[in-house]
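>>> let's see this in three dimensions:
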Amino acid sequence: MLFYRAALPLSSRTLTYVSGIIRRHRSAAGSRWRKLNPAKQALLVLVYLRKGETFAELAAGFGVGTTTAWRYVSETVSLLAARAPRLRTAVRDAKRAGYAYVVLDGTLIPVDRVAADRPFYSGKHKRHGMNLQVIASPDGDVLWVSGALPGSVHDKKAEWIWGVLAELEAAGLVTLADKGYQGSRYAKIPYRGKNKPESQKDANRAHAKLRSPGERANAQLKTWRILRKLRCCPWRAGQLAKAIHALQIREANAG
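Coordinates of the predicted model:
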């Protein structure tokens, strides 16, 4: 077995933040001795999320068992996900920030499934995955991430399940969305159909330009390689995304 040093594109403040959460959790739970101290456990989890390494690789790199690596990751991801903004809080903060509009978009987190698992298959993306709903600011920052639903669930239905547009409408926030939200009474979506008049084509171009930061927000989430293809339980996609969102908020504050 060969070992090598590697770097993570994260600040030391983020490591301190995560290790602090772990340390307080251990103290509250009355946990005694563990193989890794809070800082090492925090680093293990950040490597898992950012680089998407397998539990076997993590275990070898940190000198622990595979089951221990899994337990450390599961524990810490749950602690981080609990600190991600809830929908109502995120909408309230967006309203206070005075954004001219927000962008609602769905993204698919690919999962390691077989063709027989039809509920996870997205006809839109032609692959198996989990549907996440994301609210982004006009600057492309992630404001809120939903839980996970099977990839076969359409964006409009997923939004309805989580009550996203109802919350945004209640707050009076202008919301831009793509054609996947066709049928919504509140979200502003592009014109559909062929042979549209030039005025509608111009409107669609302007709409796409304003909405593009929302797509960049989804791309930001997937810079964390664990979300590029899940090899764990598909239902953990939402919790992982929320944990990553909490870390992104911390990174932004540290910056």
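>>> any weak-confidence spans in the stretch 151-255 of the chain?
254-255 (pLDDT under 70).
>>> quick one, strands of it?
175-176 (DSSP state E, counting those that start in this stretch).
>>> residue boundaries of the helices in it?
Ranges of helices within the stretch 151-255 of the chain are 155-162, 164-171, 198-221, 237-254, based on DSSP state H, counting those that start in this stretch.
>>> quick one: list the elements packing against the longest one.
Of the remaining helices and strands, those touching helix 198-221 by 3 or more Cβ pairs under 8 Å, 6 or more residues apart in numbering; DSSP states H and E are strand 102-110, strand 127-136, strand 142-145, strand 175-176, helix 237-254. C-beta coordinates here come from the backbone N, C-alpha and C atoms, glycine included.
>>> next one: the first one
Taking 3+ Cβ pairs under 8 Å, 6+ apart as the contact definition, the neighbouring helices and strands of helix 155-162 are strand 102-110, strand 127-136.
>>> before we move on, the earlier item: ok, which of the helices and strands packed on helix 198-221 comes nearest G63?
Nearest to G63 among the helices and strands packed on helix 198-221 is helix 237-254 (23.8 Å), distances taken as Cβ to Cβ.
>>> which positions within the closest one qualify as buried?
Residues of helix 237-254 classed as buried by neighbour count (16 or more other Cβ atoms under 10 Å): 237-250.
>>> that helix vs strand 127-136, what angle?
40 degrees (axes from the mean of the first three to the mean of the last three Cα atoms, to 10 degrees).
>>> hang on, the earlier thing: and of the helices of the stretch 151-255 of the chain, who's closest to G30?
Ranking the helices of the stretch 151-255 of the chain by proximity to G30 (Cβ to Cβ) places helix 237-254 first, at 23.9 Å.
>>> CA atoms of the closest one as PDB?
This file holds the C-alpha atoms of helix 237-254, laid out as PDB (Å, rounded to 0.1, in the frame of the first residue of the first chain):
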ATOM      1  CA  ALA A 237     -28.300  12.500  -1.400                       C
ATOM      2  CA  GLY A 238     -30.400  15.100   0.300                       C
ATOM      3  CA  GLN A 239     -28.500  14.900   3.600                       C
ATOM      4  CA  LEU A 240     -25.200  15.000   1.800                       C
ATOM      5  CA  ALA A 241     -26.200  18.100  -0.200                       C
ATOM      6  CA  LYS A 242     -27.400  19.900   2.900                       C
ATOM      7  CA  ALA A 243     -24.200  19.100   4.700                       C
ATOM      8  CA  ILE A 244     -22.300  20.500   1.800                       C
ATOM      9  CA  HIS A 245     -24.500  23.600   1.700                       C
ATOM     10  CA  ALA A 246     -23.700  24.200   5.400                       C
ATOM     11  CA  LEU A 247     -19.900  23.900   4.600                       C
ATOM     12  CA  GLN A 248     -20.300  26.300   1.600                       C
ATOM     13  CA  ILE A 249     -21.900  28.900   3.900                       C
ATOM     14  CA  ARG A 250     -19.000  28.500   6.300                       C
ATOM     15  CA  GLU A 251     -16.400  28.800   3.500                       C
ATOM     16  CA  ALA A 252     -18.100  32.000   2.200                       C
ATOM     17  CA  ASN A 253     -18.100  33.500   5.600                       C
ATOM     18  CA  ALA A 254     -14.500  32.500   6.100                       C
END
